[in-house]
Each structure stands twice: as C-alpha cells, then as structure tokens.
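Undergrad: make a model of this:
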Amino acid sequence: MKARLLALLLLLGLPVLAQAQTPVVLPMRARAEVIDRWLEARLETVVPALMRREGVAMWIVTAREYNEDPVIKTMLPATWMAARRRTMFVFFDRGPEVGVERLSVARYDLGDLFESAWEPETQPDQWQRLAEIVAERDPASIALNFSSTFALADGITHAEYEALAAALPPRYRDRLVSGERLAIGWLETRIPEEMQVYPQIVRLAHDIIAEGFSEAAIQPGATTTDDVEWWYRQRVRDLNLMTWFHPSVSVQRAEAAEGSFLSNFSKRPRENLILPGDLLHVDFGITYLRLNTDTQQHAYVLRPGEKDAPAGLKKALQIGNRLQDILTGQFAAGRSGNAILKAALAQAQSESIEATIYTHPIGFHGHGAGPTIGLWDQQGGVPGPGDYPLYPHTAYSIELNAAVPVPEWQDKKIRIMLEEDAYFDGETVWYIDGRQESLLLIPRGR
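TA: Sure, this is the predicted structure:
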C-alpha cells in the first residue's frame, strides 16, 4: 500500500520536471488513499505534539451528522462525507513513551485510525459510555472545542456540551477547558507530506487563472467579467475539482472614474464589458486533497498596436511585490498577527507605499485557522484572532494591495491587489508555487 501511495505522489509530482504541463489531477480513489495516508500521519504526529504543547491530558471532539465540528470533518476518513449519527473522538495522552490513545465512540467503525470503544449492545447510552471512558482514565484536564475568538475552534454545539457535561461525574466537570489552541493548531499545521504536494495544487490554480486570463476565455469587446467568472467555475468542474468561493473578476481602466477598492469586498460591481486597455483582476481558489488555494492576480488587455503593458502598470506591480516582501519580512515565530501588521504597515509607510494588508492563514479552510494579519476594514489590528501567535509549519495567503498612480493614466491611482499562498517554516517564508511578478497579457505573444 505504501509503495502504491508513493507512486501516486510521484505521479502527482512529475509535472514539476516538465514545467510546461499542468499537474495531473488524481482520480477519486487515488485521492482518497492520499488523504487517508496524510490523516494517519497527522494523527500520529500533530495531535501528540499539540496536546503536550498545551498541557492537555484528554481532548474530546464530538459532532452530529451534518452539523459537524470543523475539526472533526478533517479527522474523518476520505470515504466519510460527514459524521454518522453522533461521532465522538477521544484522545488521551498516556505519555511520550506510550503515546496518545485514539478512541472512537461511534456506531460505525472507522478502521485503523481510531480504536472502537463503544459496544451499544453492552452499553446502549453513548454519553454514558463516554463518561466511563473518562472515569477509567481520570484525566487532569479535558479539552472541548469551544472558543469565543475562533469560529473554527467553536465546534461543539450548545446541546452537545450540555449533554456531555450532564453525563460526566461532577468532579470532571471542573476539569473541562477550552480546546481552542488544540483545534487551531491541528487545522493550521502542515505536515511534510502535505507540503510535498501543495506546490502542485497551487500550480493548478495558477494555471487555471492564466488560462482564463487569455484568448481561451476572453474576446475583448465581447466578453464580460461575469462571463469570465463563470468560465472559471466551469473550468474547475471540468477538471473534477471544486472551488470554495465564487471567483470574482473586476476591471480598472484609464477612462473610468476612480472607484473604491472596498466595493470588491462589501458590494461587488456588476458585470463589466472587457475592453482593450483594461487592467483585469481575479480572485480565485480551488479545493483539492482537502487543501485550499487563494490567489489574486492581474492581466492587461493590449490595445491595438501594443506589445506590452504601459510602464506605469508594470511599475505598480513591482510596488505590490515590494509590499509582499515587506510583509513576509516581518514574519517571526511567536509574533502575533497584529504585531506583524503594525510593523509591516509602518515600514510600507516609510517607503511611501500606500498599503492595505489583510493576510490570512490557509489550509483545510480557505480563510483558515491561525493568526489574522489585518482585515481590509481593520488596519489598526484585529483583537482576538490578531493576537494569536505565528507558529512554524503553517501556510498563509499573502493578501494585500498597494495604491499607485499611473503616469500613462494621468496619474490616476490604481490598486494592485495581490494574493499568493506561502509557507512559513519557522525561519523563512517561501511562496508555495511562486508569485506573480509580471502582468499576464491578453492576447499572448504579440
């Protein structure tokens, strides 16, 4: 089995050598094998490290079918589309020498990932069986997924919490603690096996963006931004992939009045006919092998006789790249998202860059678990999520924009809105599949 999975991963990586070929998209059965292989590795390594880092003896994750805790959805085998009835996972740290015990209190078997710990014929009450497991192990602390700060760590419902607390003997109710940092740590941590493949996932997204911002999808004077958005949706489905949000395509042009970039977030503009001389922007993401991408790039539609974009637009993109460097240069393990934001904005201001930064973690979720580094409407910091520290082995969508005047457009300000996925190894930040450093041109090769 391991040899077969290795072959599949090597197959997924073959296009790295070819460079000209879009990475292969695995068939569903092969995807399931990869997902389960990664899940086993994560359960063996990530969970014990987190429980010991946070000093937690027992971690209980419970959810009912179709109202899943965000964490439990990432712990289910690939063939499980949802929890079944009520699914409970119990992690108990027996110490470094013995390891973390993984139990399932569920009506259906989960295979080798969790040891089944409930026989309904012997103990019909699922909650009572959970209470017996707790009493048998007598943990000093019991973490549950509740949090007032992070939605992704607030997965236990009110009814589930009440039922669990009622089932436990009184002495254990005082040992219930928030599993916020366990939940966020589990979701945000990327393992080496995932990072071997993540570059090809991001390259898939990059290749789709480039194809959509080309003659394959755009005929200037006839194609609208709405047409291109739906082209992206269809292309993703044709590749047997999924997108986690509807793509957006917008236009900036010399002849139009300056608009607020905030409308891209709070109220997107209506479809716009794409014309020669337009600066196009796309926001696009895919989901594959349970990992997400989130990318924003720009293209320029050549006017008749033009062979390249105006120098002012190319310079603006360089300033956007410089802002990316300023931000990632502030990344340091243990530093909070708010501290990174403040330092990056100060440095940008010192370099006369009109900057807005709104970077977020990415991984199992598009807007993932971990420190928030600004929001588009909160440039002074984000209390709570922004106070969370940066940990090694985590991934981020480096999302920001720079407002730059363009001489060829009568010094009209445009927004270079960039977003590229990057990985922080604890020391340095590197882009998972590079970043945009030159404008895409429509048409190509004039």
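
Undergrad: so which residue is dead centre in the chain?
TA: With distances taken as Cα atoms, centre = their mean, the residue of the chain nearest its centroid is Ile362 (2.2 Å).

Undergrad: where are the low-confidence patches of the protein?
TA: Along the chain, the parts satisfying pLDDT under 70 run over 1-20, 257-270, 445-446.

Undergrad: hmm, 80 instead?
TA: Low-confidence regions of the chain, defined by pLDDT under 80, span residues 1-21, 82-83, 256-271, 445-446.

Undergrad: count of residues packed around Gln126?
TA: Neighbour count of Gln126, defined by other Cβ atoms under 10 Å: 20. In this view, the C-beta of every residue, glycine as well, is placed from N, C-alpha and C.

Undergrad: phi, psi for the residue nearest to the centre of the chain please.
TA: When read as degrees, to the nearest 10, the backbone of Ile362 gives phi -150, psi 150.

Undergrad: ok, it touching Gly368?
TA: Yes. Counting by Cβ atoms under 8 Å, Ile362 touches Gly368, with 4.7 Å between them.

Undergrad: quick check: neighbours shared by the two?
TA: Residues touching both Ile362 and Gly368 (Cβ atoms under 8 Å, 6 or more residues apart in numbering) are 292, 395.

Undergrad: report the buried residues of stretch 328-339.
TA: Residues of stretch 328-339 classed as buried by neighbour count (16 or more other Cβ atoms under 10 Å): 328, 330-331, 336-339.

Undergrad: should've said stretch 184-196
TA: Of all the residues in stretch 184-196, those buried under the rule 16+ other Cβ under 10 Å are 184-190, 193-194.

Undergrad: what two of these have the greatest distance between them?
TA: Greatest spacing in these, by Cβ to Cβ: Ile184 and Glu193 (20.6 Å).

Undergrad: the residue nearest to the centre of the chain: what's it in contact with?
TA: 292-294, 368, 395-397, 421.

Undergrad: want to throw those into JSON lines with secondary structure and neighbour count?
TA: Output for these, formatted as JSON lines (DSSP: H, G, I helix; E, B strand; the rest coil; neighbours: other Cβ atoms under 10 Å):
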{"residue": "Asn292", "secondary structure": "strand", "neighbour count": "26"}
{"residue": "Thr293", "secondary structure": "coil", "neighbour count": "29"}
{"residue": "Asp294", "secondary structure": "coil", "neighbour count": "24"}
{"residue": "Gly368", "secondary structure": "coil", "neighbour count": "21"}
{"residue": "Ala395", "secondary structure": "strand", "neighbour count": "25"}
{"residue": "Tyr396", "secondary structure": "strand", "neighbour count": "28"}
{"residue": "Ser397", "secondary structure": "strand", "neighbour count": "25"}
{"residue": "Asp421", "secondary structure": "strand", "neighbour count": "27"}
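
Undergrad: for this protein, what's the longest helix?
TA: Ranked by residue count, the top helix of the chain under DSSP state H comes out as helix 28-54.

Undergrad: which SS class is Leu164?
TA: Classification of Leu164 using DSSP: H, G, I helix; E, B strand; the rest coil returns helix.

Undergrad: and it, how far from Val134?
TA: 9 Å (Cβ to Cβ, to the nearest Å).

Undergrad: and what of Glu419?
TA: 44 Å.

Undergrad: neighbour count for these two, which is higher?
TA: For Glu419 and Val134, the more surrounded residue by other Cβ under 10 Å is Glu419, and the numbers stand at 25 against 21.

Undergrad: surely the more buried one is in a strand?
TA: Yes. According to three-state DSSP, the state of Glu419 is that of a strand.
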